[in-house]
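*Asks:* this one's structure only:
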């Protein structure tokens with residue numbers, strides 16, 4: 001018979017035994033649930049960005065330099081003693097008014113005793129040769145008169161008459177040559193005598209050279225006084241406000257650039273880009289070795305600056321600029337980051353975000369700017385695409401989006417962990 005006082009204890013023991021019998025099953029269910037939760041596929045974190053409508057343009061970016069359209073090199077027209085040029089680079093000159101250089105005639109060398117004796121000897125020899133030529137010509141002329149009388153009387157043949165005529169003409173030419181030699185010897189001796197008497201030659205006046213154009217002095221090649229030969233470059237003149245830009249591009253890019261294409265010039269020293277327009281693409285290309293040692297065919301693209309002079313007074317000749325030749329632009333283009341595009345066979349594709357899963361989308365691509373690309377078909381504005389999918393993203397895979405602003409730009413500041421900081 002059960003004691004009434006022990007009945008509650010008996011009930012508690014019976015319930016505790018039931019719990020103990022169920023405890024292993026509960027523990028197994030918990031462990032199984034943890035295993036299933038651990039093995040359940042988690043969403044793949046991925047950076048995403050939205051397809052947006054906005055401005056987009058395709059450009060050819062190359063380095064270039066400015067140059068003055070019309071430059072003039074002033075050279076020495078005659079040989080002489082150049083006076084010191086008083087101008088420095090940057091000096092203003094006026095066309096046909098500013099005297100930029102003066103050349104004095106070179107005085108002949110002074111005669112010493114030996115040189116003077118030689119000059120006098122050449123004069124005496126020339127005088128003797130002239131006297132001899134006069135006597136020879138006088139004899140030939142008188143002989144010709146006698147022979148002509150005999151020929152008129154038919155006492156001589158025509159051949160003998162022609163011989164005498166030839167001899168008279170020869171002596172006449174020798175007489176003219178002797179007179180010229182005497183004049184040359186006397187002029188040489190007279191020039192040296194004037195130098196010895198006056199100390200300088202006044203036979204020629206100094207030659208003054210005036211500026212061929214209005215502008216500024218760009219370079220002075222010969223600043224100090226010295227003897228220069230004819231044709232020696234003295235200085236260079238040009239108008240630094242009349243500039244053009246020469247941009248070296250690959251020949252395949254130059255073939256697609258047409259006159260009238262807009263150009264923006266950056267990194268010239270100012271805050272705003274300079275505006276220019278392509279005037280011509282030179283018809284001849286040239287070979288240039290790149291920094292990596294690769295031979296490239298390049299061609300010069302010449303553009304005229306259209307930015308007002310007041311906004312670019314600090315730009316001069318041969319200044320370096322970075323040119324952006326705008327090949328195409330659209331203010332309302334549907335675009336996605338280029339990092340979202342990948343190849344699938346011969347076509348382009350993206351992974352779009354459909355709910356929380358990746359969806360494979362073939363797309364048609366138009367123009368590209370390097371950072372962004374134009375999408376013609378396959379995606380709509382506002383849809384999110386996965387950036388840099390690689391091989392880790394599959395069609396239909398669950399995605400945990402990490403949206404990245406497209407306006408973030410890298411800042412050249414390295415953190416201690418070696419990662420670049422991005423600023424909005």
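*Replies:* Cool, the structure landed. From a predicted model like this one, the values you see are computed outputs, not experimental measurements.
*Asks:* Would you mind splitting this protein into its domains for me?
*Replies:* Following automatic domain parsing, one gets these domains for the chain: 71-105+204-238, 113-198, 243-423.
*Asks:* Including mean pLDDT, could those domains go into JSON lines?
*Replies:* Below are the domains of the chain laid out as JSON lines (pLDDT from 0 to 100):
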{"stretch": "domain 71-105+204-238", "mean pLDDT": "91"}
{"stretch": "domain 113-198", "mean pLDDT": "82"}
{"stretch": "domain 243-423", "mean pLDDT": "85"}
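*Asks:* Of these, which is nearest residue 34?
*Replies:* In terms of CB to CB, the element of the domains of the chain nearest to residue 34 is domain 243-423, at 20.7 Å. Where you see a C-beta, it was placed from the backbone N, CA and C, and this is true even at glycine.
*Asks:* Can you add distance to residue 23 and mean neighbour count and give the domains of the chain back as TSV?
*Replies:* Compiled in TSV, the domains of the chain are given as follows (distance: least, CB to CB, whole Å; neighbours: other CB atoms under 10 Å):
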stretch	distance to residue 23	mean neighbour count
domain 71-105+204-238	98	16
domain 113-198	134	14
domain 243-423	36	15
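*Asks:* Residue 65: which of these is closest?
*Replies:* That would be domain 243-423 among the domains of the chain, by CB to CB, at 5.5 Å.
*Asks:* How far off centre is that closest one?
*Replies:* Distance, stretch centre to chain centre, for domain 243-423: 21 Å (CA atoms, centre = their mean, to the nearest Å).
*Asks:* how about residue 275, what does it touch?
*Replies:* Contact analysis of residue 275 by CB atoms under 8 Å, 6 or more residues apart in numbering lists 262-265, 305-307.
*Asks:* And the residues you listed, which is closest to residue 155?
*Replies:* residue 305 (93.2 Å).
*Asks:* I figured that closest one hits residue 311, correct?
*Replies:* No - Residue 305 lies out of contact with residue 311 (CB atoms under 8 Å); the separation is 10.1 Å.
*Asks:* shared neighbours, those two?
*Replies:* residue 274.
*Asks:* out of the contacts of residue 275, which one sits closest to residue 189?
*Replies:* Using CB to CB, those come closest to residue 189 at residue 305, 62.7 Å.
*Asks:* now the closest one: how far from residue 218?
*Replies:* 17 Å (CB to CB, to the nearest Å).
*Asks:* what's the answer for residue 238, then?
*Replies:* 5 Å.
*Asks:* same deal with residue 372?
*Replies:* Residue 372 is 43 Å from residue 218, by CB to CB.
*Asks:* what's the answer for residue 279, then?
*Replies:* 22 Å.
*Asks:* Mind jotting down where the helices sit in this protein?
*Replies:* For the chain, helices defined by DSSP state H occupy the ranges 7-39, 113-152, 158-198, 251-254.
*Asks:* Adding distance to residue 321, write those out as a markdown table.
*Replies:* Shown next, in a markdown table, are the helices of the chain (distance: least, CB to CB, whole Å):
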| stretch | distance to residue 321 |
| --- | --- |
| helix 7-39 | 60 |
| helix 113-152 | 61 |
| helix 158-198 | 57 |
| helix 251-254 | 17 |
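*Asks:* Of these, which is nearest residue 283?
*Replies:* Of all the helices of the chain, helix 251-254 sits nearest to residue 283, with 10.0 Å by CB to CB.
*Asks:* So which residues make contact with the closest one?
*Replies:* Contact partners of helix 251-254, identified using CB under 8 Å, 6+ apart, comprise 60, 281, 285, 297-299, 301, 325.
*Asks:* could you redo the last one with a cut-off of 6 Å?
*Replies:* 60, 281, 285, 297, 299 (CB atoms under 6 Å, 6 or more residues apart in numbering).
*Asks:* next one: stretch 183-190
*Replies:* With CB under 6 Å, 6+ apart, stretch 183-190 has contacts from 119, 122-123, 126.
*Asks:* Try it again at 8 Å.
*Replies:* Counting by CB under 8 Å, 6+ apart, 116, 119-120, 122-123, 125-126 sit against stretch 183-190.
*Asks:* Quick one: those residues as TSV, columns for distance to residue 158 too.
*Replies:* Formatted as TSV, the contacts of stretch 183-190 follow (distance: CB to CB, whole Å):
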residue	distance to residue 158
116	53
119	48
120	48
122	43
123	43
125	39
126	37
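*Asks:* Looking at those, which one is closest to residue 72?
*Replies:* residue 119 (43.3 Å).
*Asks:* quick revisit: in CSV: the contacts of residue 275, plus distance to residue 389.
*Replies:* Listed next are the contacts of residue 275 as CSV, based on distance: CB to CB, whole Å:
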residue, distance to residue 389
262, 35
263, 36
264, 33
265, 37
305, 44
306, 44
307, 43
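*Asks:* Tell me the one of those residues nearest residue 222?
*Replies:* Nearest member of those to residue 222, counting by CB to CB, is residue 305, at 31.5 Å.
*Asks:* show me where the stretch 301-424 of the chain has strands.
*Replies:* Assigned by DSSP state E, counting those that start in this stretch, the stretch 301-424 of the chain shows strands spanning 320-337, 342-344, 347-354, 357-368, 372-377, 384-386, 399-403, 409-414, 420-423.
*Asks:* If you count contacts, what does the fifth one end up packed against?
*Replies:* In this case it means strand 372-377. Where contact means 3 or more CB pairs under 8 Å, 6 or more residues apart in numbering; DSSP states H and E, strand 372-377 is packed against strand 320-337, strand 357-368.
*Asks:* Including distance to residue 135, could these go into JSON lines?
*Replies:* Formatted as JSON lines, the helices and strands packed on strand 372-377 follow (distance: least, CB to CB, whole Å):
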{"stretch": "strand 320-337", "distance to residue 135": "79"}
{"stretch": "strand 357-368", "distance to residue 135": "98"}
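*Asks:* for those strands, which one sits closest to residue 25?
*Replies:* strand 357-368 (36.5 Å).
*Asks:* Run through who's touching the closest one.
*Replies:* Looking at what lies outside strand 357-368 - CB under 8 Å, 6+ apart - the contacts are 46, 56-58, 327-328, 330, 333, 338, 341, 344, 347-353, 373-379, 386, 389, 393-399.
*Asks:* 7 Å instead, please
*Replies:* For strand 357-368, contacts defined as CB atoms under 7 Å, 6 or more residues apart in numbering pick out 56, 58, 328, 338, 341, 347-352, 373-379, 386, 393-399.
*Asks:* picking that back up, could the strands of the stretch 301-424 of the chain go into TSV alongside distance to residue 101?
*Replies:* Output for those, formatted as TSV (distance: least, CB to CB, whole Å):
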stretch	distance to residue 101
strand 320-337	31
strand 342-344	66
strand 347-354	65
strand 357-368	55
strand 372-377	57
strand 384-386	69
strand 399-403	70
strand 409-414	50
strand 420-423	57
